[in-house]
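Asker: predicted structure and sequence below. I'll ask about it afterward.
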Amino acid sequence: MVAPKLQEQIEELAALVRSSCYLVAFSGAGISTESGIPDFRGPQGVWTRMRPIELQEFLQDPAARREYWRRKIESWPQMRDAQPNAGHRALARLFEAGYLKTMITQNIDGLHQKAGICEEKVIELHGSNAYIACLQCGRRVEWETILPFFREHPEPSVDCPRCAECGGWLKPATISFGQAMPEEQTRAAFIEAGKADLLLTVGTSLQVHPAAGIPGETLGHGGKLAIINNQQTGLDGQAHFLLRGSAGVILTEIAERVTGSSL
Ligand code: APR
């Protein structure tokens with residue numbers, strides 16, 4: 001059951017989505033918590049329990065490399081097996097119906113693609129956890145190829161695996177703090193945000209730059225900003241619509257109103 005005020009906001013936002021010419025969505029970890037993947041800064045967030053390992057630490061300190069891989073291996077089965085939730089499905093429905101033009105995400109879980117938004121319309125700003133890559137030459141390695149190494153060498157004294165081609169460090173293809181953002185994806189995301197007459201941000205605290213600058217690109221080009229989040233964000237004061245609550249519930253209500261069909 002949705003509270004009356006939120007219901008009214010959903011109706012208004014659904015009408016704006018329906019009349020939008022270029023709707024772009026921008027998601028963060030909060031859209032995937034309902035798929036069982038923890039976010040970073042929410043009440044049970046990952047960064048409330050441990051400190052992020054920055055790229056420089058990974059490159060310079062064998063113990064930091066092992067800890068980084070330990071965390072990634074521990075969370076891999078959950079990430080691998082996660083399924084899209086109602087929020088992902090609602091955005092995919094808006095995409096299929098022709099309203100959503102581009103999906104920009106900070107997430108590394110691939111759930112927007114699994115929900116049905118085609119690969120080329122999903123811009124992954126912080127990389128992807130779906131595969132491993134060499135930090136030096138970019139060569140891709142599958143998780144199944146790398147996991148036996150850690151099963152055979154559980155002792156921390158054995159350093160982490162390197163690229164068989166160039167000897168560079170192998171690391172899941174996600175962007176760590178201190179690591180350069182993917183240039184092409186970042187440029188494309190800002191271009192798309194600038195074209196949007198409506199930007200829907202969902203499940204992001206809007207605290208990490210340059211990604212958190214994306215809504216400003218829409219606003220700077222005269223577009224409108226809607227924030228769907230269950231906690232305060234860094235940009236609440238600039239939003240035309242501020243919907244506080246579950247991404248899954250709110251997005252489903254919006255998609256059903258816009259497309260006239262139940263999900
Ligand atoms: N519905 C709505 N909002 C939710 C839900 C939900 N079911 N679950 C969590 N949230 C909200 C949280 O309250 C929080 O404000 O989503 C937001 C998630 O914010 P963060 O955890 O900061 O995640 P995000 O904004 O994606 O972080 C950006 O920081 O650590 C880096 O690279 C990482 O991509 C990540 C970036």
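Answerer: Cool, the structure landed.
Asker: how far away is the closest residue in space to E192 that isn't next to it in sequence from T218?
Answerer: For E192, ignoring the flanking residues on the chain, the nearest one in space by C-beta to C-beta, 6 or more residues apart in numbering is T102 at 4.4 Å. (C-beta placed from N, C-alpha, C; glycine too.) Per C-beta to C-beta, to the nearest Å, T102 is found 12 Å from T218.
Asker: pretty sure the residue nearest to E192 is touching V24, no?
Answerer: Yes. The criterion here is C-beta atoms under 8 Å, and T102 meets it with V24 at 4.9 Å.
Asker: okay, those two: which has more neighbours?
Answerer: V24 (26 against 23; other C-beta atoms under 10 Å).
Asker: so the more buried one sits right up against T201, yeah?
Answerer: No. Assessed by C-beta under 8 Å, V24 is found out of contact with T201, at 9.6 Å.
Asker: tell me if the longest strand along the chain is near the ligand.
Answerer: Scanning the chain for the longest strand, with DSSP state E as the assignment, gives strand 127-134. No. In terms of C-beta under 6 Å from any ligand atom, no part of strand 127-134 sits within range of the ligand; the closest distance is 8.8 Å.
Asker: sheet-wise, list the partners of the very next helix or strand once past that strand with their directions.
Answerer: Next helix or strand after strand 127-134 toward the C-terminus (DSSP states H and E): strand 140-141. Strand 140-141 has the following strand partners under DSSP bridges: strand 127-134 (antiparallel).
Asker: C-alpha coordinates for the strand it pairs with, PDB please?
Answerer: In PDB, the C-alpha atoms belonging to strand 127-134 read as follows (Å, rounded to 0.1, in the frame of the first residue of the first chain):
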ATOM      1  CA  GLY A 127      32.600  -1.300 -15.000                       C
ATOM      2  CA  SER A 128      31.300  -4.900 -14.600                       C
ATOM      3  CA  ASN A 129      31.800  -7.700 -12.200                       C
ATOM      4  CA  ALA A 130      30.900 -10.200 -14.900                       C
ATOM      5  CA  TYR A 131      34.500 -10.900 -15.800                       C
ATOM      6  CA  ILE A 132      38.100 -10.300 -14.800                       C
ATOM      7  CA  ALA A 133      40.500  -8.000 -16.800                       C
ATOM      8  CA  CYS A 134      44.200  -7.300 -16.900                       C
END
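Asker: what lies in contact with that strand?
Answerer: 72, 76, 79, 108-110, 139-143, 145-146, 163, 165-166, 168-175, 182 (C-beta atoms under 8 Å, 6 or more residues apart in numbering).
Asker: take those residues and keep only those in strands.
Answerer: Using DSSP E, the contacts of strand 127-134 in strands are 140-141, 170-174.
Asker: now the buried members of these.
Answerer: Applying a neighbour-count criterion of 16 or more other C-beta atoms under 10 Å, the buried members of the ones in strands among the contacts of strand 127-134 are 141, 170-174.
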